[in-house]
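# how would this look folded up:
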Amino acid sequence: MSFTGNLQTVAFSDLLQLFSAGKKTGTVTIVRGNIRKEIVFRDGNIITANSHDAEEDYLGQLLLKAGRITKTDLQRAIYMHKTSGKRIGQVLVEMKLVSREELTVYLKQQIEEIIYNLFSWKEGEFVFREGQLPAGREGLFELNTMNVIMEGTRRIDEWVEIQKVLPRDSQILCVSPKIQTKNDEITLSLEEFRIITLIDSKRTLPEILEVSPLGEFVTSRAVYKLISAGLVETTTIKEAEVLDPREEDSLFWLLLRVYASAFSQIQKMLEKKMGAENEKLQLTLGGFRKGIWQCFVGVNHSDFPTSFESIKRAMAKMPKEVRVLKLISGLNQIMEEQLAFVYSYLGIEVRKQVAAEIKKEIALPLAERREVDKKYDVGNELYRILREVKLTKSVL
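Have a look, this model is predicted:
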């Protein structure tokens, strides 16, 4: 017996409650875009979970962020995993990078994080196959599903409050120079202590999340508590590095080439599939026909110099300290929204086709401007957007 549905109509917490109350045994698979997660139940309790194409859920990434292994260790382990067919955990133990006892602890943490991340999903197709258990893999744990529901729901409620206090992504965090405590005593939890050591008056919240071993939710909660207690505060907005004119021109040239190519491929596919005169298409594209996007539409060899000068004039109106950040983040937002439109109206396969064509088009300019690409992470961010499949309210 199996049944299917979507998290838009059945909340993830309700789904778990159904399996728990019915003491179900089987596997539920949940898919959103190219990310697939599976949770296995036995008599209503969770015995294992795994994740595909969600890097933050991978065991190797968990150990890397915890500081238990290095990037080189992980690369070696992945190679041995692929060549031997052994599970990554088994490989790490055989390489003596972690003990079996440690592996058990991190595997349990991995399973919990895979599940807790699903509480924030508002959309995703699911299918439950009753009686289906992974072949040759007994669960190492048995998590009480009702306890998981309570913790996941608590995290979502807490996350709403946390986000009200967290600083903007561009703000630098520092330890407050005006800390006032009774009897000069400061009480910190272990997670707060680990996070406050990462706050060095240089990092923003995204940069702290990047180096934190605790994961996004726990790290954000620690920052929230430190700010609420007056132990941490924000200082200035992080300034983007001011470029010399030659480097700035090289960066603008690269951005013009890669994003113009990307937008052009998206528009061609939309017009091919929906028709150039389609009212919904024209309405959507019309919403972008303002600001910097104008410089990236219809670019070819003859008007490239004109468009290049248009970008420079537009950017000259912004403060030097933020112009690069604003330009790149603005273009990435447009890219995500247009790809979301493709996915919403034409489906995942067409969206994959567009992404493949864009990758072909941007490979050469990224190679030609390798140094500036590496410095400003243009290519990596583009490839991330092309990998991630999202639906956005703006296109629904």
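
# Break this structure into its domains for me.
For the chain, the structural domains run 2-158, 166-237, 245-395, going by automatic domain parsing.

# For these, give me a markdown table that also has mean neighbour count.
Where you see a C-beta, it was placed from the backbone N, CA and C, and this is true even at glycine. Shown next, in a markdown table, are the domains of the chain (neighbours: other CB atoms under 10 Å):
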| stretch | mean neighbour count |
| --- | --- |
| domain 2-158 | 16 |
| domain 166-237 | 15 |
| domain 245-395 | 16 |
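
# and those as JSON lines, adding mean pLDDT?
Supplementary listing: the domains of the chain in JSON lines, determined by pLDDT from 0 to 100:
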{"stretch": "domain 2-158", "mean pLDDT": "85"}
{"stretch": "domain 166-237", "mean pLDDT": "81"}
{"stretch": "domain 245-395", "mean pLDDT": "77"}
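
# what about the strands in the stretch 201-350 of the chain?
Assigned strands in the stretch 201-350 of the chain, in chain order: 232-237 (criterion: DSSP state E, counting those that start in this stretch).

# Ok, the stretch 1-150 of the chain next?
Remark: strands assigned in the stretch 1-150 of the chain by DSSP E, counting those that start in this stretch are 2-6, 26-32, 35-42, 45-52, 125-130.

# Can you convert those strands into CSV and add a column each for distance to Glu142?
Output for the strands of the stretch 1-150 of the chain, formatted as CSV (distance: least, CB to CB, whole Å):
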stretch, distance to Glu142
strand 2-6, 23
strand 26-32, 15
strand 35-42, 7
strand 45-52, 5
strand 125-130, 18
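
# Determine which of the ones you listed approaches Leu103 most closely.
Shortest distance between Leu103 and those, using CB to CB, is found for strand 45-52: 14.0 Å.

# tell me the angle of the closest one relative to strand 35-42?
160 degrees (axes from the mean of the first three to the mean of the last three CA atoms, to 10 degrees).

# between strand 45-52 and strand 26-32, how many degrees?
Compare the direction of strand 45-52 with that of strand 26-32 by the same axes, to 10 degrees and you get 30 degrees.

# Just the CA atoms of strand 45-52, as PDB, please.
C-alpha atoms of strand 45-52 as PDB (Å, rounded to 0.1, in the frame of the first residue of the first chain):
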ATOM      1  CA  ASN A  45       9.200   5.400  14.900                       C
ATOM      2  CA  ILE A  46      12.000   6.800  12.800                       C
ATOM      3  CA  ILE A  47      15.000   4.400  12.300                       C
ATOM      4  CA  THR A  48      17.000   6.200   9.600                       C
ATOM      5  CA  ALA A  49      16.900   9.000   7.000                       C
ATOM      6  CA  ASN A  50      19.000  10.000   4.000                       C
ATOM      7  CA  SER A  51      19.300  13.000   1.700                       C
ATOM      8  CA  HIS A  52      20.300  13.500  -2.000                       C
END
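
# Which secondary structure elements does that strand sit against?
If contacts are counted by 3 or more CB pairs under 8 Å, 6 or more residues apart in numbering; DSSP states H and E, strand 45-52 sits against strand 35-42, helix 100-118, helix 145-165.

# which other helices and strands contact the first one?
Read that as strand 35-42. Where contact means 3+ CB pairs under 8 Å, 6+ apart, strand 35-42 is packed against strand 26-32, strand 45-52, helix 100-118.

# can you dump the C-alpha coordinates of it into CSV?
Output in CSV follows, covering the C-alpha atoms of strand 35-42 (Å, rounded to 0.1, in the frame of the first residue of the first chain):
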residue,chain,number,x,y,z
ILE,A,35,16.5,17.5,-3.7
ARG,A,36,15.2,14.2,-2.5
LYS,A,37,14.9,13.0,1.2
GLU,A,38,13.8,9.7,2.5
ILE,A,39,12.7,8.8,6.1
VAL,A,40,12.3,5.2,7.2
PHE,A,41,9.8,4.2,9.9
ARG,A,42,9.3,1.0,11.9
